[in-house]
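# let me see the structure of the following:
(chains A and B)
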Amino acid sequence: MRTALLAAANWYEGWVIFYLFAISTIYLLLSVTGLVDLLRRRFLHYDPLVERTTESSSLMPPVSILAPAHNEASSVCHSVRAMLGLKYPEFEVIVINDGSKDETLALLIQEFHLYKSARYFDDTISTCPIRSIYESIDPIPLVVIDKENGGKSDALNAGLNLARYPLVCGVDADSLLEEEALLRAVRPFIYDPDRVLAVGGIVRVANGCQVTGSRVTGVNLPKAWIARFQVVEYLRAFLGGRVAFSAYNCLVVISGAFGLFSKSALLAVGGYRTDTVGEDMELVIRLHRWAHGQGRDYRIVFEPNPVCWTEVPESLATLRRQRNRWQRGTIEALWAHRKMLFRPRYGMLGMAAFPYFVLFEMFGPLVELTGYVLTLAGICFGFLRYEAALLFLLASISFGVLLSVGSVVLEELTLRRYPKVQDLLLLVVSSILESLGFRQLLTVWRAAAFLDVLRGRTGWGVMERKGFG
Amino acid sequence: MLRILYSRYWPWLAKLSPLVILLLYLAAVLLVAQRLTLSNPYIRYALASVVIQSSTLFLVTVGLLANKWIGARLDIRRQRRADRIAEQMVGFALGHRSEEELPWSAQRYPAEFLKVLESSLTSLKGSTRERVLGLLVKTGLDQRLRARVMGSDPGRAIRAISLLRELNQPTSMRAVEAALHHPVETVRASACFALAAHGSEIQQEKVFALLPALPFWQRIVLFQQIQTDSPALEKYLTLAFRSPERTLVLAALEFVLSSQRIQTAGEVTKLAAAKDLEVRIKFFKALPLLATAEDPTSLVATGLADSDWRVRAMAARACGSLHLSELTSTLAARLLTSTQPAETGHIARALASLGGESLLRLHSFTEPYDDVTRAVTAEVLERALVLPGGSR
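Model (predicted):
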């Protein structure tokens, strides 16, 4: 019995090592695909007139920006001002105060001179009751919905009911959009107006950056290592993965912090689902499913240039809550659409992207964590061959470093948002250090999310923000 | 690199590149594994891939850091040169300095010279701008730019076109015209934009002929470039509105909407009753901007009687913009039968903008009618009364 158990443990360790090599090879392929696509974008020249003139053309499709806010008093005014200052010919900003208990609504009323408006809206998607709708007496396209708390998805659905334009853009009220972000995000819609259903932009870390007048005016790395690690993580998630998935029309996540959608498509799929914390991922998968069901020739695109700056947690407790929620969202979204797995009718999405997400994003933390536990136990109790244990640690660390440094390489070869040599050096060092403890910590938190899903835990948890001031 | 990027084989190469990299990676792992002396093959191959991954990353990182370091230093030098040229150019533009230093700088550092000149054009106006632009000819850089227009580097070609269009001379515009046949689409698009803005009448006619076939994003930019007083434009619009071709009519209507200026249009009656729904919608949207000899009241009345609510909504909008108060009763009747809130909104806004009697009629709808009509009407009235400038 003991021999069989030891053999099983050794076999499992070997399997985990193979798993780590498989995932690093897949990431290598994704990074190369991403690099090729990003290089094409970097060298594909457009007349500077394109940006200058689209900024003022009345033919550009108008956009409704939806910004749900729940207890965002520290940053909401900054964010709304940044949204109102966007360079775009026609847009409206709809802030949805989702039952905030702090000063969010009062601050908005005071800052933007709001009055209770009689604005009409359709109850196309049912939401928690709306208490009042406010508009500004000033000539600014701002609408504020004050509603009872129903969660982010419910707030977005309320905004969707009020939106009057053909494109809707979901934005977090604690994020800062770059001035040209909307113009750049709309590009796929005007380049391919008949096929594009949704566009996701890149989210970058604002901690440490210089913010003047609600705009990021100087890009710097954060001072805290925990935030630096997240810079690397964000680069990895957006440049390493999403660019490549978008190239094959298999993008399954558009960050809730910044995504642009065709309103008619959103209404056709019934808006955001309110029973999940991964509403952004779930919505995109549902859009794919709906479009496939309709037999539509469609595209869901990631654009690496429109930037949304966000403040990332610098305390471990907040970060743990955030990552737990993200992982729960991933599990819930993938579980809800499990029927797409290995279904040839969904093409590359069903046969390659979806299995990748299930195997490596959903189960990845569990596999990695069990590998760590087994290795530690094996070393302590002496039942694991030392080569296997060493190899596992080597594979795990080199896999992490490969992923992170790879994304920094992508950033530097293509977008180059960090101008200083020191920044690049710091990013490389962060990429290496991140794999020596931080990533393992995240793995534990993400694995714990499985237990929470099994226990039926819902809700977002409290997110503490310092604000951009 | 650029040639590959712009070649027609690029999509295939892009798809194959991950596979090629994977094969190279596997080959490297096999090669290293053969040299390792470990007895366990599983561990040997795993270790080989760790070695390959780590060494690749190390080399890439060192290369990247070196490249960044060298690049940063080169950028500083380039910036210093550009600053010096900018200083000379400012002195020349203000008349404090002679132009003698500038040709030398232009010959020695053409890239920096053109960069400075390009950025100066965004801020300079009038005779100073002309003086600075004249430097292109005096330094002989205009010839170099003309040669670049058909070059294989699309970035340089587009940059050359953008400077040549500012120069606006027959020779430069002829060079730009040649770029209409450039193999790269974005260069052709740039040439179209330049000719629409500064080309001769014949060159503009050539661009107008291409218009319906251009992708939507190029039309958006092009419309912003067209000179609204161009005789070629008037001819084009008249012909387009008479044309039975849907794409031609739609492009012309899109132009009118984009320009947001009154445009002379010939006969447009048939557009009000066109078979194509999109044509009817865009026609009524553009109607307030069309200067036509025909009676707008009868045109709008046709639109208000349309079978599609989107056409009716746009006709109502036109009615409000054109202040056709004789259609108040028709609008009021339509308001009561409308089942689409968007249409109701347009009709209500039209009634509000007509003012007087129409506003009173609108006010009467806030009480006894169904919820949607009442709510929409209340919103429109509120905007008309509360907000400066009425409806937004």
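
# confirm that residue B:60 sits in a helix.
Yes: under DSSP: H, G, I helix; E, B strand; the rest coil, residue B:60 falls within a helix.

# excluding chain neighbours, give the residue nearest to residue 72 in space.
If you meant another chain, say so; for now it's chain A. Leaving aside its sequence neighbours, residue A:72 sits nearest to residue A:173 (Cβ to Cβ, 6 or more residues apart in numbering or on different chains; 4.7 Å). All C-beta atoms are positioned from the backbone trio N, CA, C, and that covers glycine.

# not quite, I wanted chain B
That would be residue A:421: by Cβ to Cβ, 6+ apart, it lies 5.6 Å from residue B:72.

# ok, now residue B:46?
Using Cβ to Cβ, 6+ apart, the closest residue to residue B:46 is residue A:391 (5.4 Å).

# same check on residue A:298?
residue A:291 (4.2 Å).

# any idea which helix or strand carries that neighbour?
helix A:279-294 (DSSP states H and E).

# just the CA trace of that helix, in CSV.
Provided in CSV are the C-alpha atoms of helix A:279-294 (Å, rounded to 0.1, in the frame of the first residue of the first chain):
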residue,chain,number,x,y,z
GLU,A,279,-19.8,39.3,-15.2
ASP,A,280,-17.3,40.6,-17.7
MET,A,281,-15.9,37.2,-18.7
GLU,A,282,-19.4,35.6,-18.7
LEU,A,283,-20.8,38.3,-20.9
VAL,A,284,-18.1,37.9,-23.6
ILE,A,285,-18.5,34.1,-23.6
ARG,A,286,-22.3,34.6,-23.9
LEU,A,287,-21.7,37.0,-26.8
HIS,A,288,-19.6,34.4,-28.6
ARG,A,289,-22.2,31.7,-28.0
TRP,A,290,-25.0,34.0,-29.2
ALA,A,291,-23.1,35.0,-32.3
HIS,A,292,-22.3,31.4,-33.1
GLY,A,293,-25.9,30.4,-32.5
GLN,A,294,-27.0,33.1,-35.0
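
# pairing partners for the helix or strand following that helix, with directions?
Following helix A:279-294 in sequence order, the next helix or strand is strand A:299-310 (DSSP H and E). The strands that strand A:299-310 pairs with in its sheet are strand A:175-177 (antiparallel), strand A:196-205 (parallel) (by DSSP bridges).

# helices and strands around the strand or helix carrying residue B:129, which ones?
Using DSSP H and E, residue B:129 falls within helix B:126-138. Packing partners of helix B:126-138 (3 or more Cβ pairs under 8 Å, 6 or more residues apart in numbering or on different chains; DSSP states H and E): helix B:41-93, helix B:101-108, helix B:110-123, helix B:141-148, helix B:154-167.

# wait, which of the strands paired with strand A:299-310 is closest to residue B:270?
Nearest to residue B:270, of all these, is strand A:196-205, at 33.4 Å by Cβ to Cβ.

# centre of the chain to the helix or strand following the closest one, how far?
Per DSSP H and E, the first helix or strand lying C-terminal to strand A:196-205 is strand A:210-212. Chain-centre distance of strand A:210-212: 23 Å, with Cα atoms, centre = their mean, to the nearest Å.

# coming back round to it: can you give me the angle whichever strand or helix holds the residue nearest to residue B:46 makes with helix B:41-93?
Assigned by DSSP H and E, residue A:391 belongs to helix A:386-413. Orientation check (axes from the mean of the first three to the mean of the last three Cα atoms, to 10 degrees): helix A:386-413 against helix B:41-93 gives 20 degrees.

# how about the secondary structure of residue B:261?
When classified by three-state DSSP, residue B:261 comes out as coil.

# who's in contact with the residue in the stretch 151-300 of chain A that chain B sits nearest to?
Residue nearest to chain B within the stretch 151-300 of chain A: residue A:190 (4.5 Å; Cβ to the nearest Cβ). Contact analysis of residue A:190 by Cβ atoms under 8 Å, 6 or more residues apart in numbering or on different chains lists A:54, A:60, A:61, B:216, B:217, B:220.

# try 10 Å this time
By Cβ atoms under 10 Å, 6 or more residues apart in numbering or on different chains, residue A:190 lies in contact with A:50, A:54, A:57, A:59-61, A:183, A:196, B:215-221.

# a strand runs through it, doesn't it?
No: assigned with three-state DSSP, residue A:190 falls outside any strand and is helix.

# tell me how far it lies from residue A:40.
19 Å (Cβ to Cβ, to the nearest Å).

# residue B:236 reaches residue B:255, doesn't it?
Yes: in terms of Cβ atoms under 10 Å, residue B:236 counts as a neighbour of residue B:255; the distance is 8.6 Å.
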